[in-house]
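>>> I need the structure of the sequence given here:
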Amino acid sequence: MLALQNMNPNMLSDASELIEMSAPAAEAWLRQRFAPGRAVAPIATGDGHLWRQGEALRPAAVLVPVVVRESGLTVLLTQRTDHLYDHAGQISFPGGRSEAGDASPAATALRETYEEIGLPHTHVEILGALPEYTTVTGYHVTPVVGLVRSPPVLTLDAFEVAEAFEVPLAFFLDPGNHQRNTLQYQGRTRYYYVMPYEQRYIWGATAGMLMNFYAFLTAS
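A predicted model of the protein is given here:
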């Protein structure tokens, strides 16, 4: 496996390099990506404002949980239940709207994550945040990236979450797994990203935020 000292920590030329890293080296590389002051332009910002002109967008936050496994780094995702009003059945990050008592987007993301999947904040180390994303449902979402070690057995909120699962981080860092599609919605053409994984269809806001995560991690 690749040791961090044998590669440029500011570059990742191919997703296979992450696969070949040991778990400690991959974790160290991820931390270095979130060095203070580092900023990368987003690939996707969302187009929700086009359907919400004149409306105040509601603040929200999601957690992008990167799980440290012996085999490497994975990203924890959830599948929403089919009866929800917004994004029913879709794959998403745990999170939700901000509340008055939340001190920061990270506080929102951690609170909502615990409520949805039972992951305590004591198991999450916040590394930083990705660019904000505007959803068509009227939310201005801040994705907060957190490192998760030794995750406990999760307790899913059966009303909101049908399933929680993990995808290797290297999968999202491979451009061969990125697709950009279009659809017609209320008389407008919408562009959205898709990252099919096995039998799962990861698209929309979640895929857009993952594209921003990809850009952030791979930019020089």
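>>> Residue nearest the middle of the protein, spatially speaking?
residue 64 (3.9 Å; CA atoms, centre = their mean).
>>> right, and that residue touches residue 92 too?
No. Residue 64 sits out of contact with residue 92 when judged by CB atoms under 8 Å, with a separation of 10.9 Å. Every residue, glycine included, has its C-beta placed from N, CA and C.
>>> So, low pLDDT: which residues of the protein?
1-13, 82-89 (pLDDT under 70).
>>> Tell me which residues of the lengthiest helix in it come out buried.
What stands out as the longest helix in the chain, according to DSSP state H, is helix 204-218. Residues 204-218 are the ones in helix 204-218 that count as buried (16 or more other CB atoms under 10 Å).
>>> List the contacts of that helix.
Applying CB atoms under 8 Å, 6 or more residues apart in numbering, the contact partners of helix 204-218 are 12, 30, 33, 40-46, 62, 64, 75, 77, 87, 90-93, 130-131, 133, 135, 141, 143, 145, 172-173, 175, 178, 192-195, 202.
>>> Give me the sheet partners of the longest strand seen in the chain and which way each runs.
When the chain is parsed with DSSP state E, its longest strand is strand 58-69. Note on strand 58-69: by DSSP bridges, its sheet partners are strand 72-80 (antiparallel), strand 95-97 (antiparallel), strand 139-148 (parallel).
>>> quick one: which of the ones you listed is nearest residue 156?
strand 72-80 (7.8 Å; CB to CB).
>>> Now do that closest one against helix 204-218, angle only.
170 degrees (axes from the mean of the first three to the mean of the last three CA atoms, to 10 degrees).
>>> do you know how far the residue in the chain sticking out farthest from the centre is from residue 161?
No residue in the chain sits farther from the centre than residue 187, which is 29.0 Å out by CA atoms, centre = their mean. Counting by CB to CB, to the nearest Å, the gap from residue 187 to residue 161 is 33 Å.
>>> Name the residues of stretch 189-207 that are buried.
Applying 16+ other CB under 10 Å to stretch 189-207 flags 192-193, 195, 202-207 as buried.
>>> Adding distance to residue 51, write those residues out as TSV.
Compiled in TSV, these are given as follows (distance: CB to CB, whole Å):
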residue	distance to residue 51
192	14
193	18
195	24
202	22
203	18
204	14
205	13
206	18
207	19
